[in-house]
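>>> kindly return the folded structure for what I paste below:
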Amino acid sequence: MESFRTPEERFEDLPDFPHEPSHRTVGDLRVAHVETGEGPPVLMLHGEPSWSYIWRKVVPPVREAGHRCILPDHVGFGRSDKPLDPGWHSLEPHVGITASLLEDLDLRDATLVVHDWGGPIGLNLALAHPDRVARVVILDTVIDPREVWMSDLWVQFREFVETTSDFPAGEMMNATCFADLDDEIVAAYDAPFPTAESKAALTGLPMSLPRLESVDVAATEGFCAALRADPRPMIAIWGQEDLLLTVATGQRLTASIGRRIDHVVPDAGHGIQEDQGPMIGRLIADWLASEP
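Numbers count the residues shown, from 1 in each chain. Here you go, the predicted model:
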């Protein structure tokens, strides 16, 4: 499988992200992650078009509360290798590669924090590995493919993906936030993707979602039923100003798995970690302190 490896110099002098990556080899791919802090593991799974950089404001309160924060870059993103075939990028391989991180680092009693595409990846992971994942924090995500087709903004985004030949990662990341990002932050989101060919994941993942008439309803409802029956602690935190996956979307998601939104965060869009990262970190740290 052909893949692209972003030159390391693209990641020099990133604002507020001094962490050096660790690398693993999974099949033919080099996969990157960052670790910082010591204590029980907290694994933070990003979505699209972001990478582990998005967690930089969330990490400090969690780390200072005595946790080991682990920030992987999904294959196709960040410092990880980027398969050139958009068709490679679907849920199943991403779940498998993230599962290999749990095993390679021998993570146990882990907390998953999931956002956007990190939601379906992480929640599948949690169901498959109850011996390693102890609790879950859900941020602005979706697990029912039918839900995204209810969002006019997502439908417009999907149409854009189908027609663009060079996905503007930084610009799109900025569009997900309540407040405009500084130019240097936008550049940090562009850093992993110096060429059009390096952006296969940015088009492949949204294109992998089935159209409304093709959704496997039985599988989706079975997935939700398994999460409803799961006894592990979970909380949901949502951006009040998320226009892509609205608070109503979050309410339907949490109801479908027998839970509720625990915190609606003001002045936060879909890019909730950029808009209110320190607050999200404190909410997570406080919740972890209250859990046995």
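>>> what about the strands in the stretch 101-250 of the chain?
For the stretch 101-250 of the chain, strands defined by DSSP state E, counting those that start in this stretch occupy the ranges 110-115, 133-139, 234-239.
>>> so which of those strands is the most surrounded?
strand 110-115 (a mean of 26; mean count of other CB atoms under 10 Å). Bear in mind the C-beta positions are built from the backbone N, C-alpha and C, glycine included.
>>> and it, which strands flank it?
strand 41-45 (parallel), strand 133-139 (parallel) (DSSP bridges).
>>> what about Ser290, how many neighbours?
Using other CB atoms under 10 Å as the criterion, Ser290 is surrounded by 8 other residues.
>>> re the thing from before, what would the strands of the stretch 101-250 of the chain look like in TSV with mean pLDDT and distance to Val148?
Shown next, in TSV, are the strands of the stretch 101-250 of the chain (pLDDT from 0 to 100; distance: least, CB to CB, whole Å):
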stretch	mean pLDDT	distance to Val148
strand 110-115	98	15
strand 133-139	98	16
strand 234-239	98	16
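>>> of these, which approaches Asp85 most closely?
strand 110-115 (25.1 Å; CB to CB).
>>> quick one: contacts of the closest one?
40-47, 54, 58, 67, 102, 121-123, 125-126, 132-141, 272-273, 284, 288 (CB atoms under 8 Å, 6 or more residues apart in numbering).
>>> from the middle of its chain, how far away would that strand be?
Distance of strand 110-115 from its chain centroid, counting by CA atoms, centre = their mean, to the nearest Å, is 9 Å.
>>> show me which residues of the helix ranked longest in the chain are buried.
Ordering each helix of the chain by length in residues (DSSP state H) puts helix 272-290 first. Residues of helix 272-290 classed as buried by neighbour count (16 or more other CB atoms under 10 Å): 272-277, 279-285, 287-288.
>>> pLDDT averaged over that helix - what is it?
For helix 272-290, the mean pLDDT works out to 98.
>>> returning to that earlier point: would you list the strands paired with strand 110-115 in JSON lines and tack on distance to Phe193?
Putting the strands paired with strand 110-115 into JSON lines (distance: least, CB to CB, whole Å) gives the following:
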{"stretch": "strand 41-45", "distance to Phe193": "19"}
{"stretch": "strand 133-139", "distance to Phe193": "23"}
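>>> quick one: closest of those to Ala175.
The nearest among these, by CB to CB, is strand 133-139 at 17.6 Å.
>>> how close does His270 get to Thr246?
9 Å (CB to CB, to the nearest Å).
>>> and those two? Which one has more around it.
Per other CB under 10 Å, whichever of His270 and Thr246 has more neighbours is His270, with 27 against 19.
>>> quick check, the more buried one in contact with Leu139.
No - when contacts are counted by CB atoms under 8 Å, His270 is not listed as touching Leu139 (9.5 Å).
>>> find the centremost residue of the chain, please.
His46 (2.2 Å; CA atoms, centre = their mean).
>>> I'd assumed Ser52 was in contact with it.
Yes - His46 is within contact range of Ser52, at 6.1 Å (criterion: CB under 8 Å).
>>> now for those two: what residues contact both?
In contact with both His46 and Ser52: 71, 73, 78, using CB under 8 Å, 6+ apart.
>>> spit out the contact partners of the first one.
What it means is Leu71. 19, 33-36, 44, 46, 52, 55, 59.
>>> mind listing what the closest residue in space to it that isn't next to it in sequence touches?
Leaving aside its sequence neighbours, Leu71 sits nearest to Ser52 (CB to CB, 6 or more residues apart in numbering; 3.8 Å). Neighbour list for Ser52: 32-34, 44, 46, 71-73, 78-79 [criterion: CB under 8 Å, 6+ apart].
>>> now the residues you listed in JSON lines, with pLDDT, distance to Glu2 and secondary structure?
Supplementary listing: the contacts of Ser52 in JSON lines, determined by pLDDT from 0 to 100; distance: CB to CB, whole Å; DSSP: H, G, I helix; E, B strand; the rest coil:
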{"residue": "Ala32", "pLDDT": "98", "distance to Glu2": "18", "secondary structure": "strand"}
{"residue": "His33", "pLDDT": "98", "distance to Glu2": "23", "secondary structure": "strand"}
{"residue": "Val34", "pLDDT": "98", "distance to Glu2": "26", "secondary structure": "strand"}
{"residue": "Met44", "pLDDT": "98", "distance to Glu2": "29", "secondary structure": "strand"}
{"residue": "His46", "pLDDT": "98", "distance to Glu2": "24", "secondary structure": "coil"}
{"residue": "Leu71", "pLDDT": "98", "distance to Glu2": "26", "secondary structure": "strand"}
{"residue": "Pro72", "pLDDT": "98", "distance to Glu2": "22", "secondary structure": "strand"}
{"residue": "Asp73", "pLDDT": "98", "distance to Glu2": "19", "secondary structure": "coil"}
{"residue": "Gly78", "pLDDT": "98", "distance to Glu2": "19", "secondary structure": "coil"}
{"residue": "Arg79", "pLDDT": "98", "distance to Glu2": "18", "secondary structure": "coil"}
